[in-house]
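1. quick check, what structure comes out for this input:
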Amino acid sequence: MAVCALRVTGASVIPETQLVEAAAELTRRDYSRLYLTELAEGTLGTMYRQRGYWRAAFRDPVATLVTAPGACTGVSVTLPVDEGSPYTWDRADWTGVSAITTKELDAALGMKPGDVPDVTKIETGLRQVRNAYRHLGYMQQRSTMTPRLDDATHRLVLDVTIVEGAQFRLGELAMTGMSDEDADALLKKWTLKAGDIYDDAYIQQFRSENGTKTRRLTLEPAIVRRGRSST
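-> Have a look, this model is predicted:
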């Protein structure tokens, strides 16, 4: 059964037209309650979390057969939403950290008390945290986040668990796929020495500054024993 129309009831923070537009792919496939539920919790839910509405919840969709003559043959779907109240940013609570101070992690995350806890901005901030670790050679750092909502104050605390992993250092450097002359020229520009912390930010900048339209530099780090890496 095709989806002929979609309505989102209870929407006011986000205009219903925007929610329906974001779910437009529904009209290009057969009706699936499971698919619609996943889309609501994912794409549409993210739209609310970008605005600080972390309690927004979609209830079960209601599908009704379209029987009017000459109309689309399929179902008209109604998706109710309970938007809840908006939250503001309180703080991040960090666990598992030792290589970087929590003050530095807060700065990398980029959120300030009173900000709208935009989930997209938070995810961008966590990527910045990952880059800060990679700058220090922690190439396998991972993090998980769990929002903690205070319904009395309408503030959000983000519990972030960090797994730092091992710190890597530069081992051997080999440049392949180019002439000896070009390789020598690049080696003269390269300042990171064997045994230095594997600074991913330096390496990415070197690649950007020394690549050309006809010479694209790629990096192939290989993890070896005792926390050393070669590229």
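2. rest of the way, CA atoms for contacts and neighbours
-> Will do.
3. and this protein, what are its domain boundaries?
-> 2-82, 88-163, 169-230 (automatic domain parsing).
4. list phi and psi for the residue nearest to the spatial centre of the chain.
-> With distances taken as C-alpha atoms, centre = their mean, residue 123 lies nearest the centre of the chain, 4.3 Å away. As for residue 123, its main-chain torsions (degrees, to the nearest 10) stand at phi -60, psi -40.
5. what ranges do the helices span in this protein?
-> Assigned by DSSP state H, the chain shows helices spanning 16-22, 33-39, 45-49, 102-109, 119-135, 180-189, 200-210.
6. spatially nearest residue to residue 86, not counting backbone neighbours?
-> Nearest residue to residue 86, sequence neighbours excluded (C-alpha to C-alpha, 6 or more residues apart in numbering): residue 53, at 4.5 Å.
7. now do that neighbour against residue 128, distance only.
-> Using C-alpha to C-alpha, to the nearest Å, residue 53 is found at 24 Å from residue 128.
8. settle it for me: which of those two has more neighbours?
-> residue 53 (24 against 17; other C-alpha atoms under 10 Å).
9. can you tell me which residues contact the more buried one?
-> 83, 84, 85, 86, 87 (C-alpha atoms under 8 Å, 6 or more residues apart in numbering).
10. surely the last one meets residue 148?
-> No - applying C-alpha atoms under 8 Å as the test, residue 87 and residue 148 come out as separate, 10.7 Å apart.
11. rewinding a little: between the helices of the chain, which gets nearest to residue 74?
-> helix 33-39 (13.6 Å; C-alpha to C-alpha).
12. partner residues bridging residue 81?
-> Residues in a beta bridge with residue 81, per DSSP bridges, are residue 58.
13. report back the residue of the chain that's furthest from centre.
-> residue 69 (46.1 Å).
14. worst mean pLDDT across the helices and strands of this protein, which element?
-> strand 228-230 (a mean of 38; mean pLDDT, DSSP states H and E).
15. OK, contacts around residue 115?
-> 88, 89.
16. coming back round to it: which neighbours do residue 87 and residue 148 have in common?
-> residue 156.
17. of these two, which one has the most company?
-> residue 87 (25 against 14).
18. how near is the more buried one to residue 93?
-> 17 Å.
19. with residue 115 instead?
-> 16 Å.
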